[in-house]
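Q: what follows is a protein structure lacking sequence information:
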């Protein structure tokens, strides 16, 4: 809805025609009758369930066609119609449904769903306008580095209140975002390792309740944040039979590992609640088998990536192929495609909302629906291809190019702005609806906070 | 149960026209379903708030959506054609769907209305829905100023 006049509409006012109507269902239906008196509608009183359903749909339509930020204006224009329609704005159920649908938020962080919606809107608006607070985290690097290898940040992960950074020496550092305090440092359990970088971090799954991380040799460790029990290994990797675990992702229901080195064992899927391995299979990374083994001794470029969406599907890519598979019916491939221009793996990412970002080797980035592979928008990243890292949240795509982070909106692919801070060579980047975090070569962790005050 | 044995209900519109429908179709309307389950079905069932023209359309919709042989995409195709009606008729159907508590029809109509309203001004919405603006000038200004976050 807009506040300007429009000639759109059904054009049916004052239409002619007979009464029509029939019996027994069906029959001929003519246009509106000029003699028909709008008895019920003439008093202008509309059922509240209808007005609430209409408000919901108007907001969703605006969000889909224009962008998430447009939903609020469409909604508030509807509430301007009359005081009765405005009363629908007091419906917590309406705001809850809208927050779930538009912002993909299912857990209330504020006092009411109305407040939650406003917070999400304003935070997204801060992303749109480039309004943020920048900080770098005081970080104490670990020294468990018997080979004197440089410390390389391999993975970053964000939750509402925490950030985790995983490094090439196997260390995972956990930070509390509101206070910027480093809470703890974790290391994988000691054991014999196959290769210098066998304990390098290959994936982190972080919530405010627990931290799960995986290493290149396939070990998976879990710790409850603020819990009393220490870190424990929940899965012992088997490099000989599985290959190297090159990426690891998940959600509160599933963990998914992407392996390279042994044919037909590219994907491992666990039930995260029972920690049970429920699937092994897939050939996505078979062409990269040798590179997978090399990674254990020499951290090469990315071999592949895997991401898990909130719709119980996983999407993975190598440098030439993308594949989507169902997690509810594990093993069922929902879609796959060869990308003839190649895929810049470092810039590949997917969000919980079922969108993924794929940039080809010519610098054309596409936002596509995970389940259908349908393209939503595209934009061009004008830069040499080496070392570009990407990340997406619900509405924005971020690309780190030459130490500069650039932002595009994901409805139309419009370039918005670049972060003011130059961070140098970037090893990892991650984003959620409020924060962006990146780790530069100096092991400095940079945080940009877009949260609404 | 064969189709010939299937239970039928008689619905009577506000202008006293009677329609015979399958019970299995009619119970998509919770108002009717509650009558059936509570064994309060009279013969015919009077629907005082729905005239014959609109009731015929409602029945067309309910019978199509009750067909088990139709796929979801076929039902959606039907819906697309069904809502190609003058806006006044859609409004009457909304009132009927609300009265009958026919959720599926209400959802389709809401979606249709929302799409048609995409570029409407507040004044146009009032006109189409026959709504009197009950705000004073001051109240209207205050209502606009209440949510600055949406217009930042």
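A: The structure has been received and is ready for your questions. What you see is a predicted model; the values in this text were computed from it and never measured. Numbering: from 1, shown residues only, chains lettered A, B, ... in the order given.
Q: need the contact list for the residue nearest the centre of chain A.
A: When CA atoms, centre = their mean is applied to chain A, the residue found nearest the centroid is residue A:351 (1.8 Å). For residue A:351, the contact set (CB atoms under 8 Å, 6 or more residues apart in numbering or on different chains) comprises A:309, A:392, A:393, A:394. From N, CA and C alone the C-beta is placed, and that goes for glycine too.
Q: any idea of the pLDDT on it?
A: Residue A:351 is assigned a predicted lDDT (pLDDT) of 93.
Q: now swap in the one 3 residues further on and tell me
A: Note on residue A:354: pLDDT of 87.
Q: not counting its neighbours along the chain, what's nearest it?
A: Closest residue to residue A:354 apart from its sequence neighbours, by CB to CB, 6 or more residues apart in numbering or on different chains: residue A:370 at 4.6 Å.
Q: isn't the one you found right next to residue A:313, touching?
A: Yes. Using CB atoms under 8 Å, residue A:370 is in contact with residue A:313, at 6.0 Å.
Q: which neighbours do the two have in common?
A: Joint contacts of residue A:370 and residue A:313 (CB under 8 Å, 6+ apart) are A:324, A:354.
Q: rewinding a little: any figure for the gap between the residue nearest to residue A:354 and residue A:215?
A: 27 Å (CB to CB, to the nearest Å).
Q: which residues sit in contact with the residue nearest the centre of chain B?
A: Centroid-nearest residue in chain B: residue B:97, 2.8 Å away (criterion: CA atoms, centre = their mean). Contacts for residue B:97 (CB under 8 Å, 6+ apart) come out as B:58, B:103, B:105, B:106, B:109.
Q: residues contacting the helix or strand of chain B with the lowest mean pLDDT, please?
A: Among the helices and strands of chain B, helix B:137-145 carries the lowest confidence by mean pLDDT, DSSP states H and E, at a mean of 81. Helix B:137-145 has contacts (CB under 8 Å, 6+ apart) with A:79, A:80, A:83, A:86, B:133, B:135.
Q: my guess is the last one contacts residue A:81. True?
A: Read it as residue B:135. No. Counting by CB under 8 Å, residue B:135 stays clear of residue A:81, with 9.3 Å between them.
Q: higher neighbour count, those two?
A: Between residue B:135 and residue A:81, residue A:81 has the larger neighbour count (other CB atoms under 10 Å in any protein chain shown), namely 23 against 17.
Q: how near is the residue lying closest to that one once chain neighbours are set aside to residue A:48?
A: Residue nearest to residue A:81 in three dimensions, not counting chain neighbours: residue B:125, with 5.1 Å by CB to CB, 6+ apart. The spacing between residue B:125 and residue A:48, counted by CB to CB, is 16 Å.
Q: between the two, which has more neighbouring residues?
A: Neighbour count, other CB under 10 Å: between residue B:125 and residue A:48, residue B:125 has more, with 22 against 14.
Q: so how far is the helix or strand harbouring that one off the chain centroid?
A: Assigned by DSSP states H and E, residue B:125 belongs to helix B:122-128. Here helix B:122-128 is found 20 Å from its chain centre; the criterion is CA atoms, centre = their mean, to the nearest Å.
Q: list the buried residues in it.
A: For helix B:122-128, the neighbour count (16 or more other CB atoms under 10 Å in any protein chain shown) marks B:122, B:124, B:125, B:126, B:128 as buried.
Q: in contact with the third one: list those residues for me.
A: Contacts were defined as CB under 8 Å, 6+ apart; by that measure residue B:125 touches A:1, A:78, A:81, B:117, B:131.
Q: now do the same for residue 149: its pLDDT.
A: Just so you know, I chose chain A. In this model, residue A:149 carries a pLDDT of 59.
Q: chain B was what I was after
A: 90.
Q: now swap in the one 3 residues further on and tell me
A: pLDDT recorded at residue B:152 is 80.
Q: so it sits right up against residue A:126, yeah?
A: No. Counting by CB under 8 Å, residue B:152 stays clear of residue A:126, with 9.5 Å between them.
Q: the more surrounded of those two?
A: residue A:126 (20 against 14).
Q: and the gap between the more buried one and chain B?
A: Distance, residue A:126 to chain B, by CB to the nearest CB, to the nearest Å: 9 Å.
Q: show me what contacts residue A:112?
A: Residue A:112 sits next to A:92, A:95 when contact means CB under 8 Å, 6+ apart.
Q: and if we set it to 10 Å?
A: Residues near residue A:112 by CB atoms under 10 Å, 6 or more residues apart in numbering or on different chains: A:92, A:95, A:96, A:118.
Q: if we look at chain B, which of the residues you listed are close to it?
A: residue A:118 (CB under 10 Å from any CB of the partner chain).
Q: out of the contacts of residue A:112, which comes closest to chain B?
A: Chain B lies nearest to residue A:118 out of these, by CB to the nearest CB, at 5.4 Å.
Q: tell me which element whichever residue of the stretch 151-300 of chain A sits closest to chain B falls in.
A: At 20.7 Å from chain B, residue A:160 is the closest residue in the stretch 151-300 of chain A, using CB to the nearest CB. Using DSSP H and E, residue A:160 maps to neither a helix nor a strand.
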